[in-house]
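Q: Kindly return the folded structure for what I paste below:
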Amino acid sequence: MSGRCKTIDDQMAAMRSDWPLFRVRKSNRFSAVWIGDVKPQFANYRLEIRYVVGDFPEVRVRSPELVKVPENPDGPLPHIYGPLSDPTLCLFDPAADEWDGCMLISRTTVPWSIDWITFYEFWLMTGVWSGGGRHPDGSPQEAVQQ
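A: Residues are numbered from 1 along each chain as shown. Below you'll find the predicted structure:
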């Protein structure tokens, strides 16, 4: 644990401070959705980060569409959760307690998303996922229950 657990207002304040160009849409007092652009290496990517207090943050690349490589031995799009039509980035191992609600999304999830995109760009060039990590089948919530 890294201190007291964060409220949605804590998460929103940290995102405003650390990533001021991300826009927020607050769904209710327990959830928020942020949209923002990052440029890890070669291209700009629009991220959508959805968070509900008590769950894991979900990150999707909204543009450009992620390229799928069906013949790749690691799968058509490695280190994702969910269907290929709407993938969520696999940023941490839930079974290893690498993220919890006492952490700030702005200091974990956003930098991890940038790292994921960097590894993705190199995967497109080389066909090899060099980002490491263990990737269980299923969703982050299912991985915790395994």
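Q: and the longest helix seen in the chain, which residues are buried?
A: Longest helix in the chain by number of residues (criterion: DSSP state H): helix 109-126. Buried residues in helix 109-126, counted by 16 or more other C-beta atoms under 10 Å: 109, 110, 112, 113, 116, 117, 119, 120, 121, 122, 123. C-beta: built from backbone N, CA, C; applies to glycine.
Q: can you check stretch 30-42 too?
A: Of the residues in stretch 30-42, those with enough neighbours to count as buried (16+ other C-beta under 10 Å) are 31, 32, 34, 36, 38, 40.
Q: Likewise for stretch 60-73?
A: Neighbour counts over stretch 60-73 (16+ other C-beta under 10 Å) mark 60, 61, 66 as buried.
Q: Quick check: the gap between the residue located most distally from the centre of the chain and residue 127.
A: Among the C-alpha atoms of the chain, the one farthest from their average position, using C-alpha atoms, centre = their mean, is that of residue 71, at 24.5 Å. For residue 71, the distance to residue 127 equals 9 Å [C-beta to C-beta, to the nearest Å].
Q: do residue 119 as well
A: Residue 119 sits 12 Å away from residue 127, going by C-beta to C-beta.
Q: same question, residue 114
A: Counting by C-beta to C-beta, the gap from residue 114 to residue 127 is 22 Å.
Q: I'd like the buried residues of stretch 30-42 laid out as CSV, including pLDDT and secondary structure.
A: Below are the buried residues of stretch 30-42 laid out as CSV (pLDDT from 0 to 100; DSSP: H, G, I helix; E, B strand; the rest coil):
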residue, pLDDT, secondary structure
31, 95, strand
32, 96, strand
34, 97, strand
36, 97, strand
38, 96, strand
40, 88, coil
